[in-house]
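Undergrad: Take a look and give me a structure for this.
(one chain, ligands or ions: 1)
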Amino acid sequence: MALKLYNTLTRQKEDFVPIKPPHVGMYTCGPTVYNYAHLGNLRAYVFEDLLKKTLIYNGYKVKHVMNITDVGHLTSDADSGEDKIEKTAKEKKQTPQQIADFYTRAFKKNLKDLNIAEPNIWCKATATIKDQIKLIQRLEKNGYTYVGQNGNVYFDTSKFKNYGELARQKIENLKSGARVDIDPNKKNPYDFVLWFSTGGSKFQGHLLKWMSPWGEGWPGWHIECSAMSMKYLGEHFDIHCGGVDHIPVHHTNEIAQSEGATGKKWVNYWLHNEFLLMDKEKMAKSAGEFITLETLIAKNFNPLAYRYLCLGAHYRSQLNFSWESLNGAQNALNNLYQTISSFKRPGQTSLEYQEKFRRAISDDLDSPKALAVVWDLVKSSLPAEIKLATLFDFDRVLSLDLKKIWQETKKIPAKIKELAKERETARANKNWAQADKLRDKIKKLGYSIDDTPTGSLIKKSR
Ligand SMILES: [Zn+2]
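TA: Below is the predicted model:
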């Protein structure tokens, strides 16, 4: 069975056919580094990691590019408001560079904690200004641009025939939409800025600026992604992804710019993940309250419990976050760890279960079904060695640290195991004070203990 992916462009599940097999070019919109990523943001990166690892599991060689937006993303997500990074820099009395570096580091730590593989190429918007200027020049030559009274360079959406195709919106409908900037410089309401001019009075005092053929200024958010993806993946590549919120504006504008410049198709497959909801609302920074991965860690959750929670829902379904559901995910994961800790060594893999697993993830990344295959395997009557080897194989995609945890449990000192056993006895006798005392003792020796339905799970402390 071929790998099937749901393509937002066609609104259909399609057989995945790369341009130059076995190579796959994949671009994922990265973070705007003005604040911590919240769990809703991180859901997108977990989904993209699942996609990448599913491609690799199917034998493809993936070249993955991710950008870091360190200039040009305005607070409105469109063409009004302040530059997000400059705003934070002013509030914290630091330079934009310091802000960007700080939150880039925090973001990379999040990826590591979630076992998300880093892209092959990281690129920063501020490091590719020349490429962005060149792309705007191509658009200018092709007649897609105009300069407003304020000196900004705009993309003329009325000149691009298929504008709004990705969002399945006709330009007439877009015009009546609510999300229109009131900017008298625009010829059409959905035109957007390619280059911001420091001459525009609103933006005087912008700290990040470069010289361009249109005077001093800085690039718009959308042009960054078009320029960076084409720089590293070429003018026609396989996959572009992001959250569903990017469909109507950011990705719509990226397509208009890229195809306007090259005059040909840009990306074959567009994949988008749904929102993470909290109390039935989208988790968003603008809404104030948001939860970071550090918050989970501070509450003693394994960050991989969040990964497990994400895998438990299909990426195209909305996922409701609650502390109970995260707890459930952590318990399930601990059960899995506890189960494999009793397995002695890995043997041969089960071809039958591998095929079931591959079919599940290759059906538009059906991770809930893949997790069901995991539990079917665990409960099956197959020998432990086969189960262990097959689970390690699945973990190439799931990335739940199964091998690492299994190896660690093999190295737990006899003394710790003895204390854990004593604690089990205390618990069985309902001697909770003694059980807590033993847990503290174990903790002091550098190990943590989690109770699961199948027994206690000892882990080296993080
Ligand atoms: Zn982007």
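
Undergrad: For the residue in the stretch 201-350 of the chain that the ion sits nearest to, which non-adjacent residue is spatially closest?
TA: Using C-beta to the ion, the point where the stretch 201-350 of the chain gets nearest to the ion is residue 225, with a distance of 3.2 Å. Just so you know, the C-beta spots here come from the backbone N, C-alpha and C atoms, and that holds for glycine as well. Among residues not flanking residue 225 along the chain, residue 254 sits closest, at 5.2 Å (C-beta to C-beta, 6 or more residues apart in numbering).

Undergrad: Residue 54 too?
TA: Closest residue to residue 54 apart from its sequence neighbours, by C-beta to C-beta, 6+ apart: residue 361 at 4.8 Å.

Undergrad: what separates that neighbour from the ion, distance-wise?
TA: Distance of residue 361 to the ion, given as C-beta to the ion, to the nearest Å: 25 Å.

Undergrad: Close to the ion: what parts of the stretch 1-150 of the chain are there?
TA: residue 29 (C-beta under 5 Å from the ion).

Undergrad: what's the residue in the stretch 1-150 of the chain that the ion sits nearest to in contact with, if anything?
TA: Residue nearest to the ion within the stretch 1-150 of the chain (C-beta to the ion): residue 29, separated by 3.2 Å. If a contact means C-beta atoms under 8 Å, 6 or more residues apart in numbering, then residue 29 has 66-67, 225, 241-242, 246, 250 as its contacts.

Undergrad: again with residue 390
TA: With C-beta under 8 Å, 6+ apart, residue 390 has these contacts: 349-350, 353-354, 377, 382.

Undergrad: Make sure it is indeed in a helix.
TA: Yes - judged by DSSP: H, G, I helix; E, B strand; the rest coil, residue 390 forms part of a helix.

Undergrad: for the stretch 51-200 of the chain, what spans make up the strands?
TA: Remark: strands assigned in the stretch 51-200 of the chain by DSSP state E, counting those that start in this stretch are 61-68, 121-124, 145-147, 153-155, 192-197.

Undergrad: And the average pLDDT for the helix or strand harbouring residue 425 is what?
TA: Residue 425 is located in helix 414-428, with elements delineated by DSSP states H and E. For helix 414-428, the mean pLDDT works out to 90.

Undergrad: What residues of it count as buried?
TA: By 16 or more other C-beta atoms under 10 Å, the buried positions in helix 414-428 come out as 416, 419-420, 422-424, 426-427.

Undergrad: Surely residue 363 is in contact with residue 369?
TA: Yes - Residue 363 lies in contact with residue 369 (C-beta atoms under 8 Å); the separation is 7.3 Å.

Undergrad: What segments of the stretch 301-450 of the chain are strands?
TA: All strands of the stretch 301-450 of the chain, identified by DSSP E, counting those that start in this stretch, fall at 319-321, 447-452.

Undergrad: Report the mean per-residue pLDDT for the shortest one.
TA: Confidence over strand 319-321 (mean pLDDT, whole number) is 94.

Undergrad: How far off centre is it?
TA: Centroid displacement of strand 319-321 relative to its chain, using C-alpha atoms, centre = their mean, to the nearest Å, is 16 Å.

Undergrad: and it, which residues are buried?
TA: The neighbour-count check on strand 319-321 (16+ other C-beta under 10 Å) flags 319, 321 as buried.

Undergrad: And for stretch 430-445?
TA: Those would be 435, 438-439, 442, for stretch 430-445 by 16+ other C-beta under 10 Å.

Undergrad: which residues touch that stretch?
TA: By C-beta under 8 Å, 6+ apart, the list of residues contacting stretch 430-445 reads 415-416, 419-420, 422-423, 426-427, 448-449, 458, 461.

Undergrad: ok now it, how far from the chain's centre?
TA: Distance, centroid of stretch 430-445 to centroid of chain: 39 Å (C-alpha atoms, centre = their mean).

Undergrad: Tell me where the model's unsure across the stretch 1-150 of the chain.
TA: Along the stretch 1-150 of the chain, segments meeting pLDDT under 70 span 76-78, 80.

Undergrad: re earlier: please name whichever of the strands of the stretch 51-200 of the chain is nearest to residue 336.
TA: The minimum distance between residue 336 and the strands of the stretch 51-200 of the chain falls on strand 61-68, with 26.7 Å, by C-beta to C-beta.

Undergrad: near the ion, which residues of the stretch 151-300 of the chain?
TA: residue 225.

Undergrad: pretty sure residue 28 is in contact with residue 49, am I right?
TA: No - using C-beta under 8 Å, residue 28 is not in contact with residue 49, being 9.3 Å away.

Undergrad: picking up where we left off before, mind checking which of the contacts of residue 29 land in helices?
TA: Using DSSP state H, the subset of the contacts of residue 29 located in helices is residue 225.

Undergrad: From residue 142, how far out is the nearest residue to residue 158 once chain neighbours are set aside?
TA: Sequence neighbours aside, residue 188 is the residue nearest to residue 158 in space, at 5.1 Å (criterion: C-beta to C-beta, 6+ apart). Remark: distance between residue 188 and residue 142 (C-beta to C-beta, to the nearest Å) = 17 Å.

Undergrad: So for these two, which sits in the more crowded spot?
TA: With neighbours defined as other C-beta atoms under 10 Å, residue 188 and residue 142 compare such that residue 188 has more, 17 against 14.

Undergrad: Thought residue 155 was touching that one, still the case?
TA: No - Residue 188 is beyond contact range of residue 155, at 9.6 Å (criterion: C-beta under 8 Å).

Undergrad: Cross-check the contacts of residue 390 against the ion and keep the overlap.
TA: Okay, of the contacts of residue 390, nothing touches the ion (C-beta under 5 Å from the ion).

Undergrad: can you pull the contacts of the closest residue to the ion within the stretch 351-462 of the chain?
TA: Distance from the ion to each residue of the stretch 351-462 of the chain (C-beta to the ion) is smallest for residue 365, at 20.6 Å. The contact partners of residue 365, by C-beta under 8 Å, 6+ apart, come to 5, 47, 50-51, 54, 314-315.

Undergrad: and the residues you listed as CSV, adding neighbour count?
TA: Below are the contacts of residue 365 laid out as CSV (neighbours: other C-beta atoms under 10 Å):
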residue, neighbour count
5, 23
47, 26
50, 23
51, 26
54, 25
314, 18
315, 24
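
Undergrad: Closest one to residue 402 out of those, please.
TA: Residue 402 lies nearest to residue 50 out of the contacts of residue 365, by C-beta to C-beta, at 15.7 Å.

Undergrad: Excluding residues flanking it in the chain, which one is nearest that closest one?
TA: Leaving aside its chain neighbours, residue 50 sits nearest to residue 365 (5.6 Å; criterion: C-beta to C-beta, 6+ apart).

Undergrad: mind checking how far that neighbour is from residue 371?
TA: For residue 365, the distance to residue 371 - C-beta to C-beta - is 12 Å.

Undergrad: so residue 369 makes contact with residue 360?
TA: Yes - Residue 369 is within contact range of residue 360, at 3.9 Å (criterion: C-beta under 8 Å).

Undergrad: Those two: which has the busier surroundings?
TA: It is residue 360, of residue 369 and residue 360, that has more neighbours when counted by other C-beta under 10 Å, with 22 against 15.
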